[in-house]
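*Asks:* when you get a sec, could you give me coordinates for this:
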Amino acid sequence: MKECKTCGRKFSSERDFLSGTSRWRTCLNRVIMFNCSCGSTLTIKGELFDWFSPTKLMSPEQKLAFGEMKMDDSLPRVSAQIFEIQEKVLDERLSAQALADAIRGEPALAAEILHLANLKVGGKAGRVQQLAHAIAYLSRKELQQFVLMATVKDFSFKAKIFSFEKFWRKSLMTGRVASYLCPKFFPKCAELAFIYGSLLNVGKLALGFYQPRLIDRLIKTSLDADLSWNMVEGELAFNHRMLGTVAGIIWAFPNDLIEIIDDHHTSFTKSTFSSLLRFSNEWSHILLDEPQFVDREILECGFQVFQFEEQRLLEEMKAAISVTPIAA
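*Replies:* The predicted structure follows:
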């Protein structure tokens, strides 16, 4: 039996727990967190609720990958403390200084949030040097996702060829491109563009946690043959897009981000936030001088839908975005 201390709702059966609840998170040490229908966060011990599995939140395709690739064992888990910090971020009663004090309890997280805030600023307003200033610069919704992204950036696996530095350099460039373009087309989504763009390709990490040798082989083949990642992984039963959606469920990404990850290699004919992120993902290869890895079909969709002129956009963005102002 579990009771919500905010609204008094009682949970006793599996049906009770899964009806009208949201944001299920499986954390370290078998701790499970979820949101009651009133919005409050509840915590339960996994060993006492063995009926729960992340697969209850997945599609048949996702369940297949989760089981066959042993993602329950291979994917690292976010700690309950990180999710608790996310909850504090949304508490409007807490000041930026109070949040900074709470985040400093996780030194690596504090340093990464400061770093990400500086990447987003891009040097336009000078270096952000204090955590409280970084928090004040970001919206609460934005900061909530920064906390989770900083945690994911800290995950790693042993690989010989795959480079985390290069992966995050490319991913963060996608975020910066999206952050630059988004206010012109979708101002209401602008606060999420950097984070959502930067997390599009987390499925590659999910594959690496399962089989580091396989991701090394994919990287080598892609580099040797000058082929895009999508073309190389075509021989696999699973792709990084779908694996990214599974990782997104495990790491409690917002549902709209999981949907965007699922579609990020799909061509498009309409102007949407998701399609702008898809274009940003390919355009970042251009800015990083990696034309051999570009999906030209998606790039051309972007030129037509958003009325971009390639050379003019290249000149504009090279002037606006330095390729390596801060290390990834």
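*Asks:* by contact count, what packs against the lowest-mean-pLDDT helix or strand in the chain?
*Replies:* Least confident element among the helices and strands of the chain, by mean pLDDT, DSSP states H and E: helix 229-232 (a mean of 80). Taking 3 or more C-beta pairs under 8 Å, 6 or more residues apart in numbering; DSSP states H and E as contact, the helices and strands that helix 229-232 lies on are helix 212-225. For glycine as for every other residue, the C-beta is placed from the backbone atoms N, C-alpha and C.
*Asks:* now do the helix it packs on: which elements does it pack against?
*Replies:* helix 202-210, helix 229-232.
*Asks:* what's next to the longest one, contact-wise?
*Replies:* Read that as helix 202-210. 69-71, 74-76, 152, 155, 157, 159, 162, 167, 214-215, 218, 229, 238-248, 251, 261 (C-beta atoms under 8 Å, 6 or more residues apart in numbering).
*Asks:* how about the shortest one?
*Replies:* Among residues not part of helix 229-232, those counted as contacts by C-beta under 8 Å, 6+ apart are 204, 218, 221, 222, 225, 239, 240, 265, 293, 295.
*Asks:* swap the cut-off to 6 Å and go again
*Replies:* 218, 221, 222, 265 (C-beta atoms under 6 Å, 6 or more residues apart in numbering).
*Asks:* and the first one, what pLDDT?
*Replies:* Right, residue 218. If you check residue 218, the pLDDT there is 88.
*Asks:* that older thread, could the contacts of helix 229-232 go into TSV alongside neighbour count and distance to residue 143?
*Replies:* TSV is the format used below for the contacts of helix 229-232 (neighbours: other C-beta atoms under 10 Å; distance: C-beta to C-beta, whole Å):
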residue	neighbour count	distance to residue 143
218	23	34
221	15	39
222	18	35
265	20	29
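*Asks:* hey, which of the helices and strands packed on helix 212-225 is tucked in deepest?
*Replies:* helix 202-210 (a mean of 24; mean count of other C-beta atoms under 10 Å).
*Asks:* how far off centre is that one?
*Replies:* Its chain's average C-alpha position is 12 Å from that of helix 202-210, according to C-alpha atoms, centre = their mean, to the nearest Å.
*Asks:* ok, back up a step: just give me the closest of the contacts of helix 229-232 to residue 97.
*Replies:* Using C-beta to C-beta, residue 265 is the member of these that lies nearest residue 97, at 42.2 Å.
*Asks:* what secondary structure does the closest one sit in?
*Replies:* Secondary structure, DSSP: H, G, I helix; E, B strand; the rest coil: residue 265 is coil.
*Asks:* mind showing which ranges of the stretch 101-250 of the chain have poor pLDDT?
*Replies:* 122-126, 235-238 (pLDDT under 70).
*Asks:* cutoff 90 now
*Replies:* 102-151, 154, 156-158, 191, 207, 210-211, 214, 218-239 (pLDDT under 90).
*Asks:* break down it into its helices, ranges please.
*Replies:* Listed in chain order, the helices of the stretch 101-250 of the chain (DSSP state H, counting those that start in this stretch) span 107-121, 131-137, 140-153, 164-185, 190-198, 202-210, 212-225, 229-232, 240-250.
*Asks:* right, and the ones you listed - which one's nearest residue 87?
*Replies:* Closest among the helices of the stretch 101-250 of the chain, using C-beta to C-beta: helix 140-153, at 8.7 Å.
*Asks:* between the contacts of helix 229-232, which is nearest residue 178?
*Replies:* The closest of the contacts of helix 229-232, once distances to residue 178 are taken by C-beta to C-beta, is residue 265, at 15.5 Å.
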